[in-house]
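1. With the sequence up front, the predicted model follows.
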Amino acid sequence: MSGEPDGTGPGSVEEVLLGGGRVWTRRDVAARAGVEFERAVRVWRALGFPAVDDDARVFTDADVEALRAGERLIAAGLITEHSETLMARALGHHLSRLADWQVDTLRDWMGRGADASPGRDALLEHMAALLPEIERVQRYVWRRHLVAHAGHLLTEEREDDALAGDGAHVRERAVGFTDMVGYTRMTRGLDGAELVGVLDRFEAMTGDVVAEGRGQVVKTIGDEVLFVCESAADAAGIGLELTARAQADPNLPQVRTGLAHGPVLGRFGDVYGAAVNIAARLTAVARPASVLVNTALAGELVGMAGYTLRPLRPVSVRGYSRLRPVLLRRGRPAS
């Protein structure tokens, strides 16, 4: 049976985390939720869960209720059957990473004790006791982010958004990529703990700078962070501050940043479009401790005190034969 852990007796992980043991097959779940079987399978796969046999009893009452909740959202008109699958895929992607990190945290906690690691029963007791606290923190963070995004929805600027359907929208935004210079070479000489330390410092530094600069981190991928801003000026300030803080930290390598401004498609927590691609290409050709911007973002900054813009030679990069970078520095524009 594909992807199934062992143990379904009393005190199982399912009973602790899902409130009940495995009692249903996936056909049972679909029937009890009143959902077409093929659709239930499609949602299960979109959530990123492992494939199971049709007659395997691996599902709980929580699975039934989750499908019913999806039905209620469709009945309310908030989502469609098509967008339900897209939403499930986005939720599965992001929350599986969160769960992976939380299990790693639990593993570290188990290894820190002076005594032997706790047994299975003791571990399940700790999980049951801590689960409400973890859920409380997650719910608070989620609601805080929901407040922030709902605030954007209600502002006048959002009236100019172009709706793309299924939870997607297009609007003018500034996009930035920042990565660590020489990361691959640096990692060859680091052990696991040292590498974790560098990544933690990089993520903390970039997260702080982006938040302070009124931006939003979209995602971090190893040595690279992708962020978005409502204005070119905010993005420029973030890019320059990232460079300054990395140079001031002896435990971090230098960084380089690419910024672009233009229409950006926001979809299920990620961003797409030419501006995203251009920002990534500019980062790849930027020198250490430098910030490159596209001509559209440079045009937004013209005349603003605090920035110096110097056009550079066109470069040929993947997808763009004559990309025109503009070097961004602190200072005042030439009079």
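-> Thanks, I have it.
2. mind checking how far the nearest residue to Ser316 once chain neighbours are set aside is from Arg313?
-> Using CB to CB, 6 or more residues apart in numbering and skipping the chain neighbours, the partner closest in space to Ser316 is Arg322 (6.8 Å). The way it works is simple: take the backbone N, C-alpha and C, and place the C-beta from them, glycine included. In this view, Arg322 and Arg313 are 10 Å apart by CB to CB, to the nearest Å.
3. got it, and Thr283?
-> Distance from Thr283 to Arg313, by CB to CB: 17 Å.
4. Those two - which one has more neighbours?
-> Thr283 (23 against 7; other CB atoms under 10 Å).
5. Excluding residues flanking it in the chain, which one is nearest that one?
-> Closest to Thr283 by CB to CB, 6+ apart is Gly258, at 3.5 Å.
6. pretty sure that neighbour is in a strand, no?
-> Yes - under DSSP: H, G, I helix; E, B strand; the rest coil, Gly258 sits within a strand.
7. Please give me every residue in contact with it.
-> 176-177, 278-284, 286, 291-293 (CB atoms under 8 Å, 6 or more residues apart in numbering).
8. ok, and the most crowded of these?
-> Gly176 (34 neighbours).
9. next one: phi and psi at that one?
-> Dihedral pair for Gly176: phi -140, psi 140, per degrees, to the nearest 10.
10. Just list whatever residues bridge to it.
-> Phe227, Leu259 (DSSP bridges).
11. which SS class is the residue nearest to Ser316?
-> strand.
12. which ones are touching it?
-> Contacts of Arg322 (CB under 8 Å, 6+ apart): Pro314, Val315, Ser316.
13. Out of the residues you listed, list just those in strands.
-> Among these, DSSP state E puts Val315, Ser316 in strands.
14. which of the contacts of Arg322 has the most neighbours?
-> Val315 (16 neighbours).
15. Correct me if wrong: it contacts Asn294.
-> No - counting by CB atoms under 8 Å, no contact exists between Val315 and Asn294, whose distance comes to 11.6 Å.
16. Identify the contacts common to those two.
-> Residues touching both Val315 and Asn294 (CB under 8 Å, 6+ apart) are Leu323, Pro325.
17. The helix or strand harbouring Val196 packs against which elements?
-> Assigned by DSSP states H and E, Val196 falls within helix 192-212. Applying 3 or more CB pairs under 8 Å, 6 or more residues apart in numbering; DSSP states H and E, one finds that helix 192-212 contacts strand 168-180, strand 215-221, strand 224-229, helix 232-248.
18. and Arg143, how many neighbours?
-> Neighbour tally, Arg143, other CB under 10 Å: 11.
19. tell me the phi and psi of it?
-> phi -70, psi -40.
20. Ok, Val271 next?
-> phi -130, psi 150.
21. Just give me the neighbour total for Arg136.
-> When neighbours are counted by other CB under 10 Å, Arg136 comes out with 10.
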